[in-house]
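Chemist: A predicted structure for the sequence below; I have some questions about it.
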There are 2 protein chains.
Amino acid sequence: MAVYTDVSDEELEAFIGSYAIGALTSFKGIAEGVENSNYLVHTAGGPYILTLYEKRVSPADLPYFLALMEHLAARGITCPLPVHDREGRTLKELAGRPAALITFLEGLWVRRPGIEHCAGLGQALGRFHLAGQDFPMRRANSLSLPGWRALFASIGSEADRIKPGLAGVMEKELHHLEGHWPQDLPQGVIHADLFPDNVFFLGDKVSGLIDFYFACNDMLAYDIAVCLNAWCFETDGSFNVTKARGLLQAYEAVRPLTKAELQWLPTLARGAALRFLLTRTYDLLNTDANALVKTKDPNEYLRKLRFHQRVKSTRDYGLKEH
Amino acid sequence: MAVYTDVSDEELEAFIGSYAIGALTSFKGIAEGVENSNYLVHTAGGPYILTLYEKRVSPADLPYFLALMEHLAARGITCPLPVHDREGRTLKELAGRPAALITFLEGLWVRRPGIEHCAGLGQALGRFHLAGQDFPMRRANSLSLPGWRALFASIGSEADRIKPGLAGVMEKELHHLEGHWPQDLPQGVIHADLFPDNVFFLGDKVSGLIDFYFACNDMLAYDIAVCLNAWCFETDGSFNVTKARGLLQAYEAVRPLTKAELQWLPTLARGAALRFLLTRTYDLLNTDANALVKTKDPNEYLRKLRFHQRVKSTRDYGLKEH
């Protein structure tokens, strides 16, 4: 939930007037999206989303994100499309923030994904990875292994304030991953944050992907590892192997995984669990109690990490041996 | 800003399916409205607002509010219209909360109202008061003089935590108003909370009124007093007499004020300032630091109260003597 920035009447009118989309008829803050301020905009031309990029998104990265959305849309991936203003620009400024107007995407995110949703996700993720193969821009993953080490350094023993022993668990897992992290897996553009609230469905069918503001170039299978964590655990903490199998089989129907990717999947899943454990811990320790943001529970990812630590092979994710 | 209640996929689908408005295509929490959870709902039939009534709205009052919106809309006042489900009901339940689906109203609320907006407001308020004259239901104003005394009793000396001496100011003002409060002014349905965020404009024209969840039966001129407080002060605390004149003249073009209403207006404005000083103080003292609500500054209304205490007659609000 986030609307951080107030926009004045005059600025808003001038901003909307710079696009050929007709007069403004409605403007409402949306209580979704943790990183940025999002507004629903109605004009004579239809509904749009206006995003103001807040401080956690680096302005230098915005051209990558916006160009990626245009690239994907041109290849048939349904995602929000940045609107060009009368001068052809997509990245603009409003209320002292970088800003972009993007198309409104119909669809609902699923609060409790079922097996059919996990399969839809797997297929959409495979298609997204293929569509990104010829995207020419590059952005390093700032939240991969070296980034986790830096994040852990800034958290340190403070983690134990959340749960005694948590810092030790993080340190030990980081040390393990630093000695066992794949180097030569297939690379490409990954979403890196494809949680259920970033995947829209109409019925059981994926209607679009949103929120590309963690997208970067990294191992494609790491994206799958993020999704296994975000989509395949039940609220009681148990791992639903049927959902995982549905996700992986649907993905492989679009892009079969290499033997190396399959072998490394449990390690990537440990890494992805550690990534969200670290960022949630950091956020919980550093969020002003007055902030209008609901912090997420780090313990959820501690439990997920422990699950993946016990995984022996992709059989535990529901796949037969290849 | 408020979305308090999570709605499950199944509940939402069943709820929307109970209306003849087509299939659900989008569902987003809206970061507006302090008292309730509001969602923007898109269906094949168009956009709607879904409101879940949270604990500060008494369920017993909801039939009054919903019937009032239907009454007003039938008399040409543009306001959200409760949608009837297939069984004819407007007041329903969702996620354990009272809930209603209402029509989406185009328009924008003005962050910094100008003179033309104050005039538009005055006219709209006058029309609203006339349209409400034959509304048959009754609801007492729980936030009028006796309610303020009760609210003050629950705040007590705690007010001094916000500003030393504040409790004394409140006590003295309450005492004054209890000895000088009008009894026989024209009554009717009042909005009672017609702040700028509850009045939509398209250009300089009022396009609709929203948020009737404080509406009640009380002195009509008290509604004007609320608006003088909410619309006619500048952000530096100064009172803009031109805006007040614009508001009052536009109102009187629709419904002329009686001599008694004009005489009592400064007192009613003191009361309205005290009402928001009390509720903001109460909210600030009682809001959990973790709540996802931005509390409003009580001091703003202390300054407004002091202004009205010095007012001698409606000349100070820009009106000539009648």
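Modeler: Perfect, thanks for sending it.
Chemist: could you pull out the strands for chain A?
Modeler: Secondary structure of chain A (DSSP state E): strands located at A:24-29, A:37-43, A:46-52, A:92-94, A:97-103, A:108-109, A:187-190, A:199-202, A:205-209, A:216-219.
Chemist: Those into a markdown table, with extra columns for distance to A:Phe65, mean pLDDT and mean neighbour count?
Modeler: The way it works is simple: take the backbone N, C-alpha and C, and place the C-beta from them, glycine included. Converted to a markdown table, those look like this (distance: least, C-beta to C-beta, whole Å; pLDDT from 0 to 100; neighbours: other C-beta atoms under 10 Å in any protein chain shown):
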| stretch | distance to A:Phe65 | mean pLDDT | mean neighbour count |
| --- | --- | --- | --- |
| strand A:24-29 | 21 | 93 | 20 |
| strand A:37-43 | 14 | 93 | 22 |
| strand A:46-52 | 10 | 94 | 20 |
| strand A:92-94 | 14 | 96 | 18 |
| strand A:97-103 | 9 | 96 | 21 |
| strand A:108-109 | 19 | 94 | 20 |
| strand A:187-190 | 11 | 98 | 21 |
| strand A:199-202 | 17 | 96 | 22 |
| strand A:205-209 | 13 | 96 | 19 |
| strand A:216-219 | 10 | 98 | 20 |
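Chemist: Dump those into CSV; add distance to B:Pro256 as well.
Modeler: Formatted as CSV, the strands of chain A follow (distance: least, C-beta to C-beta, whole Å):
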stretch, distance to B:Pro256
strand A:24-29, 34
strand A:37-43, 37
strand A:46-52, 42
strand A:92-94, 44
strand A:97-103, 46
strand A:108-109, 51
strand A:187-190, 67
strand A:199-202, 54
strand A:205-209, 55
strand A:216-219, 66
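Chemist: To chain B, which of the ones you listed lies closest?
Modeler: Minimum separation from chain B across these (C-beta to the nearest C-beta) falls at strand A:24-29, 3.6 Å.
Chemist: Not counting that closest one itself, show me its contacts.
Modeler: When contacts are defined by C-beta atoms under 8 Å, 6 or more residues apart in numbering or on different chains, strand A:24-29 is touched by residues A:3, A:7, A:12-13, A:16, A:37-44, A:50, B:1, B:30-32, B:40, B:104, B:106-108, B:202.
Chemist: could you point out where chain A is predicted with low confidence?
Modeler: A:1-4, A:33-34, A:288-294, A:321-322 (pLDDT under 70).
Chemist: Beta-bridge partners for the nearest residue to A:Val41 once chain neighbours are set aside, please?
Modeler: Closest residue to A:Val41 apart from its sequence neighbours, by C-beta to C-beta, 6 or more residues apart in numbering or on different chains: A:Tyr48 at 4.5 Å. Counting by DSSP bridges, A:Tyr48 forms beta bridges with A:Val41, A:Thr103.
Chemist: any idea how far A:Tyr48 is from A:Leu101?
Modeler: Using C-beta to C-beta, to the nearest Å, we find A:Tyr48 at a distance of 5 Å from A:Leu101.
Chemist: what is in contact with these two at once?
Modeler: Joint contacts of A:Tyr48 and A:Leu101 (C-beta under 8 Å, 6+ apart) are A:Ile21, A:Val41, A:Val83.
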